[in-house]
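Asker: return a 3D structure for these sequence lines:
(chains A and B)
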Number of protein chains: 2
Amino acid sequence: MKNKSQIPRLRRGYDGQANPLPSPKRNSGSEQAGKSQPEFTVLRKDDITGARAGNLTTRHGVIETPVFMPVGTQGTVKTMSPEELKEIGFGIILGNTYHLAMRPGVEIIRRAGGLHRFMNWDRAILTDSGGYQVFSLASLREIKEDGVTFQSHIDGSLHFLSPESAIRIQEGLGSDIMMVLDECTPYPCEHDYACNSLERSLQWAIQCKNTRSSFDAALFGIVQGGTYADLRRKSVEELKKIGFDGYAIGGLSVGEPRGVMLENVELCTSLLPEDRPRYLMGCGTPVEILEAVARGVDMFDCVMPTRNGRNGTAFTRAGKLPIKNGAYKEDLAPLEKGCGCVACRGYTRAYLRHLFNANEILGLRLVTYHNLFFYHWLMAEIRRAILEGTFPRFKEEFIAGYRSQDSSKQ
Amino acid sequence: MKNKSQIPRLRRGYDGQANPLPSPKRNSGSEQAGKSQPEFTVLRKDDITGARAGNLTTRHGVIETPVFMPVGTQGTVKTMSPEELKEIGFGIILGNTYHLAMRPGVEIIRRAGGLHRFMNWDRAILTDSGGYQVFSLASLREIKEDGVTFQSHIDGSLHFLSPESAIRIQEGLGSDIMMVLDECTPYPCEHDYACNSLERSLQWAIQCKNTRSSFDAALFGIVQGGTYADLRRKSVEELKKIGFDGYAIGGLSVGEPRGVMLENVELCTSLLPEDRPRYLMGCGTPVEILEAVARGVDMFDCVMPTRNGRNGTAFTRAGKLPIKNGAYKEDLAPLEKGCGCVACRGYTRAYLRHLFNANEILGLRLVTYHNLFFYHWLMAEIRRAILEGTFPRFKEEFIAGYRSQDSSKQ
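Answerer: Numbering: from 1, shown residues only, chains lettered A, B, ... in the order given. Predicted coordinates:
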């Protein structure tokens, strides 16, 4: 399916270079064996729900699933240091290929020894293909069968992203888990558009798989098809035929009602292979994560804990807590009683509110830290509950406690 | 000299309360003994210059001098956590009474257990009197003999700062080293104005000393007198008569030429008691600190390492390094080779430049960290050189290396 003649047609590589990037050395040993990272083992499946606990082995460590991956868009998880992420316990973060390719560019990251060394992170990194940001951030997009032409949102420069360049760039970054190039359709989306888009995404998925030059990094396919059951079915079946190390569910968490999202998640996980990890892209709130885990999802990423942290909204077991609120002006309690995070062990709500009021960066740092600690704690508790056979009760109790205090969208 | 009848005339306390703050319990034991913190011991005086190495004992630890104190204006050293400050090795920081009294207010800090507990810092804190900011930040100032009426720069509310309230607030914050209320005259300043201002500052110094209710915290007098030798002499002589635990040199580093500053520093230190610590307020650059140490100064504070850090200017032994500069785009060296700080051990100039270009907070954190580490390293090296009897050579070599690379004002 791979059309090698397309490569010379690259106008300007996504990496900002005129020529395609040289590929890293092919690891012919592991390719011949047909065995690639990550290995994935389901340790236990819940008796009642679809929840699973597993281990995902990458070049940079074993990831315990279900897992939440903090988003490190521009080569840093906003406000945090790598040491702090490790202190919390994260073993994998996400990097955004589009942002990194636009700034500082892939070439300097490659010369620095890859994204891990560039950003001083020695645990696992999952990279997206860049497609999502091309479709959401860049301007003057022109989608053709062989790829997308677009203008950088930073300096207006013209770039071309193809299935081939998406993989070469991710290999250049040194990603542990790469994603295929796809089009993430919006919500709502006409059936005709979603169907045509899916066909193209499937072609791109094949080309991505054919482009990979090494099996050191995993490659995940991405299920699309909007909110149409026939298209989702088709997407899963075709991706399974191609065969990937794991499968992401894309095109959800884009504005559809939660019920619609969960129906589509359930449909996908019911069809995806049991022995491969499943990653729900861009999800979500604590309650959404619990519902998706119950439907068999293993991996999550979302800007919610970090973005909300910088906006002064803390996640707690009792719901969201808007720390800038005047109610906390003289509140000498920690953000969340019993929480063992740096922010809760050392600081009061009154102090955190003061930091936000006074525009002090330590405020952004501490609430972001707390939120990531909370998300990590939640995933660890979910995993423990699955392994102990108590996940349904844990889910029910968490949601009851969380909703009781929070009237906003969870 | 203290006129008790003035206290009821307080219109609105600086603390935002209608009534003067209740004073902490008087420690009559130590008052009777006439012995107060901090104890100060000069360990060695340089044979050639006026440099001294000493130990300053406070309620929150022993401070090795010469010392640099990072500025924690609003109850946080900008971008840093207390853990990071301790990791670098700082034993004392500065808090700005004006800012803290305006926001969040002294009462909430007192109820939180004092500034140390509020900001999670268990080492020493020096507080200013608030006078400097009243004269530089607030509007509608009305200076009278009994104090200053002013409007908050935050919300325009009306406040009154007197010698008495300045001390009560600092005691309320739980300061380890308090400063008397004074007027910091500008540069240039007419002799008449400087003379009248000095008279008032001396009166206020007496009232401050009479107001202190405990000897747990030290109280420093502040030498004023503009750039007039006769006034500086008078200021020192009068302050010595009143008697303080230490002496600050104020009214310098306000725009005067460096030579003028150093002349005035030298005049003051030549007159100040040998057995008390000397603190040059608001100074300075690495070279200025070396020159002032050579003239017998023991303590320094300045926003320079933190403010420059947030602007992307790093201090190195070779001079200042503007990390946003395009020259560092592909520079895979650390900020400073051989530096043991977190930023230099883990990150390249290219990565730090990327963080600044992409407006990522980690960039502000890392360059601030490096700069504070550099200032702390400089003070430790100065102290070691004094103790080893090699200070003049160290000073000369540092300045030669520093200037060779830096054409801007050092």
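
Asker: and the residue nearest to A:C189 when sequence neighbours are not counted, what helix or strand is that in?
Answerer: In this structure, A:C189 finds its nearest non-sequential neighbour in A:G226, 4.5 Å apart by Cβ to Cβ, 6 or more residues apart in numbering or on different chains. Using the backbone N, CA and C atoms, a C-beta is placed for each residue, glycine as well. Using DSSP states H and E, A:G226 sits within no helix or strand.

Asker: for A:G226, which residues are in contact?
Answerer: A:T185, A:Y187, A:P188, A:C189, A:H191, A:A194, A:R232, A:G251 (Cβ atoms under 8 Å, 6 or more residues apart in numbering or on different chains).

Asker: between all of these, which two are separated the most?
Answerer: With distances taken as Cβ to Cβ, the most widely separated pair in those is A:P188 and A:R232, at 15.1 Å.

Asker: any idea where the helices of the stretch 251-400 of chain A begin and end?
Answerer: Here the stretch 251-400 of chain A has its helices, by DSSP state H, counting those that start in this stretch, at A:258-271, A:286-294, A:304-310, A:342-346, A:349-357, A:361-388, A:391-405.

Asker: for those, which one sits closest to B:I222?
Answerer: Of the helices of the stretch 251-400 of chain A, nearest to B:I222 by Cβ to Cβ is helix A:349-357, at 27.8 Å.

Asker: could you look up the SS state of A:G221?
Answerer: Under the three-state scheme (DSSP: H, G, I helix; E, B strand; the rest coil), A:G221 adopts strand.

Asker: can you name the residues that contact A:G72?
Answerer: Per Cβ under 8 Å, 6+ apart, neighbours of A:G72: A:I93, A:L94, A:G95, A:N96, A:M119, A:W121, A:I125.

Asker: can you give me the neighbour number for the last one?
Answerer: Okay, so that is A:I125. Neighbours of A:I125 under the rule other Cβ atoms under 10 Å in any protein chain shown: 28.

Asker: about what we covered before: compare A:P188 and A:R232 (neighbour count), which wins?
Answerer: Remark: of A:P188 and A:R232, A:R232 carries more neighbours, 25 against 12, as counted by other Cβ under 10 Å.

Asker: from memory the more buried one sits against A:N264, does it?
Answerer: Yes: between A:R232 and A:N264 there is a contact under Cβ atoms under 8 Å: 6.1 Å.

Asker: distance check, the residue lying farthest from the centre of chain A against B:L161.
Answerer: The centre of chain A is farthest from one residue, A:E330, which by Cα atoms, centre = their mean lies 37.8 Å away. As judged by Cβ to Cβ, to the nearest Å, A:E330 and B:L161 stand 23 Å apart.

Asker: just A:A205 next, same as before
Answerer: A:A205 is 69 Å from B:L161, where distance means Cβ to Cβ.

Asker: ok, the most centrally placed residue in chain A - contacts?
Answerer: By Cα atoms, centre = their mean, chain A has its centre lying nearest to A:D301, at 3.6 Å. With contact taken as Cβ under 8 Å, 6+ apart, A:D301 is in contact with A:F68, A:M69, A:P70, A:V71, A:L94, A:L126, A:Y279, A:M281, A:G282, A:C283.

Asker: list phi and psi for the closest residue in space to A:V42 that isn't next to it in sequence.
Answerer: Take A:V42 and drop its neighbours on the chain: the residue closest to it by Cβ to Cβ, 6+ apart is A:G54, 4.6 Å away. Per-residue torsions, A:G54: phi -150, psi 180 (degrees, to the nearest 10).

Asker: wait, isn't A:G54 in contact with A:D46?
Answerer: No: with contact defined as Cβ under 8 Å, A:G54 does not reach A:D46; the gap is 12.0 Å.

Asker: give the next helix or strand downstream of the host helix or strand of A:D230.
Answerer: A:D230 belongs to helix A:229-242 when assigned by DSSP H and E. On the C-terminal side of helix A:229-242, the nearest following helix or strand under DSSP H and E is strand A:246-249.

Asker: circling back: and the residue nearest to A:V42, what's its pLDDT?
Answerer: Looking at A:G54, its pLDDT is 98.

Asker: how many neighbours does it have?
Answerer: There are 21 residues near A:G54, going by other Cβ under 10 Å.

Asker: that one bridge partners, please.
Answerer: Here A:G54 sits in beta bridges with A:V42, A:T65, as judged by DSSP bridges.

Asker: might you report the residue contacts of it?
Answerer: By Cβ under 8 Å, 6+ apart, the residues touching A:G54 are A:F40, A:T41, A:V42, A:L43, A:E64, A:T65, A:P277, A:D298.

Asker: the same query, at a cut-off of 7 Å, please.
Answerer: Neighbour list for A:G54: A:F40, A:T41, A:V42, A:L43, A:T65, A:D298 [criterion: Cβ atoms under 7 Å, 6 or more residues apart in numbering or on different chains].

Asker: nice, that's everything, thank you.
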